[in-house]
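Undergrad: When you get a sec, could you give me coordinates for this:
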Amino acid sequence: MAFGFFRNKNRKPKEAPAAPNDSDDPLTGGKKVFEDAFMEVQEGLLALCMEFAGDAKVDEVYAYGSIEEDAYSFNAFYVKQGQVLPAHKINEDLPTIRQFLQIGTQDLIRLEKVCREYGRPVPTELRLHYTVDGGHLDAHYEYGSVCSKESGLSPMLVFREWRESVEKELEQP
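TA: Numbers count the residues shown, from 1 in each chain. Predicted structure coming up:
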């Protein structure tokens with residue numbers, strides 16, 4: 001199953017502006033502000049997740065990103081009819097899953113570049129929760145160390161614990 005994001009295997013992420021003032025944003029007088037560039041990357045991550053879900057008709061998307069110690073990790077899970085589903089249950093095609101994770105990771109690298117170019121701190125953790133019906137987005141960013149040698153936590157473990165906590169919340173009456 002091919003989706004738009006996955007048709008071109010050599011898809012390159014959009015480049016962040018070379019300098020904070022080099023954009024053509026009419027709302028800010030031709031200058032793209034950090035928030036716009038940051039949001040553009042988040043929107044790309046969510047669009048990737050929605051496209052990956054394809055015809056699955058999911059109700060909610062949860063996207064996770066970790067940027068720490070020169071390591072990047074991206075993954076997502078979904079809620080469909082009250083049931084939490086990992087990405088591999090939404091789309092079982094292994095090459096597509098690999099490409100989904102790779103593109104998400106490329107977007108995290110792009111997010112880091114945007115933060116650095118605008119002189120802003122880079123989040124070590126990004127958690128996005130998107131409600132499809134109504135288009136509501138909740139975003140949480142962490143800037144302190146989360147997944148490090150000192151903490152003993154891996155991005156996969158943190159991601160799995162987040163998914164399990166959402167499962168528990170949905171189980172409660």
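Undergrad: Helix, strand, or coil at the most centrally placed residue in the chain?
TA: Within the chain, the residue whose C-alpha comes closest to the C-alpha centroid is residue 45; the distance, by Cα atoms, centre = their mean, is 4.2 Å. Put simply, residue 45 is helix when judged by DSSP: H, G, I helix; E, B strand; the rest coil.
Undergrad: and what of the one 4 residues further on?
TA: Here residue 49 is helix, with the state taken from three-state DSSP.
Undergrad: Now tell me what touches the helix or strand hosting residue 63 from outside.
TA: Residue 63 is part of strand 60-68, with elements assigned from DSSP states H and E. Contacts made with strand 60-68 from outside it, assessed by Cβ atoms under 8 Å, 6 or more residues apart in numbering, are listed as 45-46, 49-50, 53, 72-79, 104, 107-108, 111-112, 122-132, 145-148, 155, 158-159, 162-163, 166. Using the backbone N, CA and C atoms, a C-beta is placed for each residue, glycine as well.
Undergrad: ok, longest helix in the chain?
TA: Scanning the chain for the helix with the most residues, using DSSP state H, yields helix 94-117.
Undergrad: Tell me which other helices or strands that one touches.
TA: Counting by 3 or more Cβ pairs under 8 Å, 6 or more residues apart in numbering; DSSP states H and E, the packing neighbours recorded for helix 94-117 are helix 4-7, helix 34-53, strand 60-68, strand 71-80, helix 87-90.
Undergrad: and residue 173, which of those is closest to it?
TA: Comparing the helices and strands packed on helix 94-117 against residue 173 with Cβ to Cβ, the closest turns out to be strand 71-80 (16.6 Å).
Undergrad: Give me the contact list for that closest one.
TA: Residues outside strand 71-80 that contact it (Cβ under 8 Å, 6+ apart) are 45, 49, 52-53, 56-66, 84-87, 90, 100-101, 104-105, 107-109, 112, 147, 155-156, 159, 163, 166, 170.
Undergrad: average model confidence for it?
TA: The average pLDDT for strand 71-80 rounds to 96.
Undergrad: do the same with stretch 109-117
TA: Here the mean pLDDT over stretch 109-117 is 95, rounded to a whole number.
Undergrad: List the backbone torsions phi and psi for residue 83.
TA: phi -110, psi 130 (degrees, to the nearest 10).
Undergrad: wait, what's in contact with it?
TA: Under the criterion of Cβ under 8 Å, 6+ apart, the neighbours of residue 83 are residue 170.
Undergrad: again, but for residue 59
TA: For residue 59, the contact set (Cβ under 8 Å, 6+ apart) comprises 78-82, 131-133.
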